[in-house]
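# this one's structure only:
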DNA sequence: CGAACTACGACTGTAAACAGTCGACTTATG
DNA sequence: CATAAGTCGACTGTTTACAGTCGTAGTTCG
């Protein structure tokens, strides 16, 4: 957990709360804070060098993101996912992203969407030879872009609320399994489907992509 | 705003934070705290008779639920929805609930689902002659039940995270418009579709229901 | 008269202290 | 020896106090 010790000093652009939030999220989704681990407020606040009050605000947010689960007397621990929960998370993710795909097909300014998606694909191509972490990041960035381009802030926000759970799913299943269907080609198919403007096809492509992703994770 | 003054005394089952959360959520979705209104921490903490620290934890959660928007220097104000945002919220809601409908069709224990849904419909029938607020509550309870019965905790949680925004949408559009398509018959159609076990039909029924609900709100 | 400058007030960000509760360990008691 | 009472320690819930910042109104100087 050495990575957690005072990673907040310097870069004072964001509030301590936001920095703590990022640090904790990273620590959890990277496995540094293992599932099931009990979190002690005084311990964390000391590690992060922030006060408990500030820390607690961050914890409340993580709790709502589903990364932490509350036990008796408010004791927090890192959430542990079983296979059913991973499938459930991916079912919701699929519903959100299929909405994104459908929306993009019906959008007025398709030109901009196409360009942005191709740029995102190119970014994935650059990361294809990178580490597992880099490939995961570029994959998530692609899917986040999918949601962002719809212009539906609520959709993007819902997806981002789920992002932590998605990352935990990948972590839980093992990074190797997690990246197994993050190939650039797979994503090219998605972009191609959206490019056709056929909402039904785009939706179907996304759903299949998510199905296979979920299947890879729990198999 | 008199309703906000110390509504927390008594019922000490939940923590002050949770009570404040409920009180604020109700105040916002009931219009007691109007959209665009600036929230001052010291002011609110005095009204609710809780400390700022405790209040801030509740505010962070409301912020993530999309009921509050943060301005410069962390200034919070009650979020204001325009028509596009309402449509966007309902698009996400439709995606979540159509997933629920599909899932319920493919569930093993259909018997329990059917019974629970009919019970929910009956509850709506009892509230049909009640006040606008009661009808809205029973409607939301029906849709929440839809999500809960899937057994997908993530889906339920995502829906509940959106519930505040849904309530704001209804508020914003005016309660009369909001309840216009909350008839018991409309919901019977949904239950009937799920009863058939035809996932495609159930999804289609929900989507139409949501489309018409959204159309009513913004028209 | 107007522009810059200063002093004040209003809030949020952050920290530190206080209070209450549950569990574990110890001790007394039959 | 087993059980019940009591004590200690560890945490969370909550409050109070302090620091920093931005806007604003009033004031001075050109």
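Arrived safely, thanks for sending. All of these numbers come straight from a predicted model, not from anything done at the bench.
# what sits up against the one helix or strand residue A:185 maps to?
Using DSSP states H and E, the element containing residue A:185 is helix A:184-196. With contacts defined as CB atoms under 8 Å, 6 or more residues apart in numbering or on different chains, helix A:184-196 is touched by A:101, A:104-105, A:113-114, A:117-118, A:121, A:124-125, A:128, A:139, A:142, A:146, A:201-202, A:204-206, A:209. Every C-beta, even on glycine, is put in place using the N, C-alpha and C of the backbone.
# Which among these count as buried?
By the neighbour-count criterion of 16 or more other CB atoms under 10 Å in any protein chain shown, the contacts of helix A:184-196 include these buried positions: A:101, A:104-105, A:113, A:117, A:121, A:124, A:139, A:142, A:146, A:202, A:205-206, A:209.
# Out of those, list just those in helices.
Of those, the ones assigned to helices by DSSP state H are A:101, A:104-105, A:113, A:117, A:121, A:124, A:139, A:142, A:146, A:202, A:205-206, A:209.
# Closest one to residue A:34 out of those, please.
residue A:139 (23.2 Å; CB to CB).
# Can you report how many residues neighbour the nearest residue to that closest one once chain neighbours are set aside?
In this structure, residue A:139 finds its nearest non-sequential neighbour in residue A:182, 4.3 Å apart by CB to CB, 6 or more residues apart in numbering or on different chains. Burial of residue A:182 is recorded as 21 neighbouring residues (other CB atoms under 10 Å in any protein chain shown).
# Make sure I have this right: residue A:182 is in a strand.
No - Residue A:182: not assigned to a strand; according to DSSP: H, G, I helix; E, B strand; the rest coil it is coil.
# Domain map for chain A?
Domain assignment for chain A by automatic domain parsing gives A:2-78, A:83-218.
# Tell me which of the ones you listed lies nearest to DNA strand D.
domain A:2-78 (2.2 Å; CB to the nearest atom of the strand).
# what's near enough to touch the spatially most central residue of chain A?
Among the residues of chain A, residue A:163 comes closest to the average C-alpha position under CA atoms, centre = their mean, at 2.6 Å. Residue A:163 makes contacts with A:140, A:144, as judged by CB under 8 Å, 6+ apart.
# centre of the chain versus the helix or strand hosting it, how much separation?
Here residue A:163 sits within helix A:153-173, counting by DSSP H and E. From the chain centre to the centre of helix A:153-173 is a distance of 4 Å (CA atoms, centre = their mean, to the nearest Å).
# Which SSE is immediately downstream of it?
Note on helix A:153-173: by DSSP H and E, the next helix or strand toward the C-terminus is helix A:175-179.
# any chance of the buried ones among the contacts of helix A:184-196 in JSON lines, plus distance to residue B:152?
Putting these into JSON lines (distance: CB to CB, whole Å) gives the following:
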{"residue": "A:101", "distance to residue B:152": "21"}
{"residue": "A:104", "distance to residue B:152": "25"}
{"residue": "A:105", "distance to residue B:152": "26"}
{"residue": "A:113", "distance to residue B:152": "30"}
{"residue": "A:117", "distance to residue B:152": "29"}
{"residue": "A:121", "distance to residue B:152": "31"}
{"residue": "A:124", "distance to residue B:152": "29"}
{"residue": "A:139", "distance to residue B:152": "23"}
{"residue": "A:142", "distance to residue B:152": "25"}
{"residue": "A:146", "distance to residue B:152": "22"}
{"residue": "A:202", "distance to residue B:152": "24"}
{"residue": "A:205", "distance to residue B:152": "23"}
{"residue": "A:206", "distance to residue B:152": "18"}
{"residue": "A:209", "distance to residue B:152": "19"}
